[in-house]
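> any chance you could fold what I've pasted below:
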Amino acid sequence: FSATGRPAGVEALKVVRPELSDDPNFRDRFRHEIQAAQRVRGLYTAELLDADPDGTPPWLVTAYVPGPSLQQAVAEHGPMGEDEVLRLAAGVAEALQAIHAAGVVHRDLKPSNVVLGPDGPRVIDFGVARALEATVLTRSGVTVGTPQFMAPEQILDRPVTPSIDVFALGGLAAYAAQGRVAFGEGHPAAVSHRVLHEPPDLAGCPPLVRTLVEPCLAKQADRRPSVAQILGFCLQHAG
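This next block holds a predicted model:
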C-alpha cells in the first residue's frame, strides 16, 4: 500500500480500438487530451500514469479504481440516500477542483465516468472520451455526447468554461438521488430541447439534494455556483 493507504502498483491499461488507430484526427486529439490529463492530480481522479498516443495501437495507463460506475450502482441498487448523494457530490466536486486547477475542463462528466471506489468516487476517462467525441464530430458534423448532462451552452456550441462541469455535477446528483435523469430520456434532439427550454424534473430529490441541484442546473452559466461553493454545501450538510 502507498502512504495514502491505496494499493500500490495497481493499474488499468486501456488500448484504443484499431479503427481509431488509423485516424490521424483521433491521434492528434488524443495526444492533446493526454497532455491535459497528465496535469491533473487529485484524490478523486483516476491519475493518468503513462501513455503513448503514437503507439500502434495508442494506449494509456491509469491508476486502477475498484468498484462499479455510478451508472452501474444506480441500475443495480436504485437511488442513493440523501447523505450518500451529498458525499458523492463532494467527492466529484473535489475532483473537479483538481481538474480545473490544471487548466482543464472535463466536458464529459456523466454516471459512466464516475467510479465508486472504496475510498470515494473517482472521475475517469475524460481524455479518451473527449478525443473520441471530437473525432466523431469532425467526421459527421453532428453534435455527439450525452445531452442529459450537457449544459445549454455546450449544446449550442458556445465557449466552454468550468461552469459546464457544474451543470453536469447537478445532473449527476439528481440522477443518483432519483434513479433517473433530470431531463428525461428519448431522442437526443428532444432531450436537448428540454435542457435548453424546460426546468429539470426534480420531483424525487430529497430536500437538501434539491437545494444543491437546482442552482447547478441553471440555464445561465453565471447563475450556477462555483465548485468550491458546492463542496462547502456538501461538507456542511452531509452526515
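> the closest residue to residue 34 other than its chain neighbours pairs with what?
Leaving out its chain neighbours, the residue that sits closest to residue 34 by CB to CB, 6 or more residues apart in numbering is residue 51, at 4.6 Å. Where C-beta positions appear, they are placed from N, C-alpha and C, glycine not excepted. Note on residue 51: beta-bridge partners by DSSP bridges are residue 60.
> does residue 51 touch residue 36 like I think?
No. Under the criterion of CB atoms under 8 Å, residue 51 makes no contact with residue 36, lying 11.4 Å away.
> between those two, which one's more packed in?
When neighbours are counted by other CB atoms under 10 Å, residue 51 and residue 36 differ, and residue 51 comes out ahead with 22 against 18.
> and the more buried one, how close does it get to residue 65?
Noted for residue 51: a distance of 17 Å to residue 65, by CB to CB, to the nearest Å.
> over to residue 55?
Taking CB to CB as the measure, residue 55 falls 23 Å from residue 65.
> more neighbours, those two?
Between residue 55 and residue 65, residue 65 has the larger neighbour count (other CB under 10 Å), namely 24 against 13.
> mean confidence for the host helix or strand of residue 88?
Under the criterion of DSSP states H and E, residue 88 resides in helix 82-101. Across helix 82-101, pLDDT averages out at 93.
> please save the CA atoms from it in CSV.
Listed next in CSV are the C-alpha coordinates belonging to helix 82-101 (Å, rounded to 0.1, in the frame of the first residue of the first chain):
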residue,chain,number,x,y,z
GLU,A,82,-29.6,12.0,0.7
ASP,A,83,-26.3,11.8,2.8
GLU,A,84,-24.8,9.4,0.2
VAL,A,85,-25.6,11.7,-2.6
LEU,A,86,-24.1,14.7,-0.8
ARG,A,87,-20.9,12.7,-0.1
LEU,A,88,-20.8,11.7,-3.8
ALA,A,89,-21.2,15.3,-4.9
ALA,A,90,-18.5,16.4,-2.5
GLY,A,91,-16.1,13.8,-4.0
VAL,A,92,-16.9,14.8,-7.6
ALA,A,93,-16.5,18.5,-6.6
GLU,A,94,-13.1,17.7,-5.2
ALA,A,95,-12.2,16.0,-8.5
LEU,A,96,-13.4,19.0,-10.5
GLN,A,97,-11.3,21.3,-8.3
ALA,A,98,-8.2,19.4,-9.3
ILE,A,99,-9.2,19.2,-12.9
HIS,A,100,-10.0,22.9,-13.2
ALA,A,101,-6.8,23.9,-11.3
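> name the helices or strands packed onto that helix?
With contacts taken as 3 or more CB pairs under 8 Å, 6 or more residues apart in numbering; DSSP states H and E, helix 82-101 sits against strand 114-117, strand 120-123, helix 163-178, helix 207-216, helix 227-237.
> what distance separates that helix from the centre of its chain?
What separates the centre of helix 82-101 from the centre of its chain is 11 Å, taken as CA atoms, centre = their mean, to the nearest Å.
> tell me the angle it makes with helix 163-178.
Relative orientation of helix 82-101 versus helix 163-178 (axes from the mean of the first three to the mean of the last three CA atoms, to 10 degrees): 160 degrees.
> mind listing what's buried along helix 82-101?
Using 16 or more other CB atoms under 10 Å as the burial criterion, the residues of helix 82-101 that qualify are 82, 84-100.
> again, but for stretch 214-226
Of the residues in stretch 214-226, those buried by neighbour count under the rule 16+ other CB under 10 Å are 214, 216, 217, 218, 221, 224, 225.
> distance of the third one from residue 84?
Spelled out, that is residue 217. In this view, residue 217 and residue 84 are 20 Å apart by CB to CB.
> what do you get for the fourth one?
As judged by CB to CB, residue 218 and residue 84 stand 24 Å apart.
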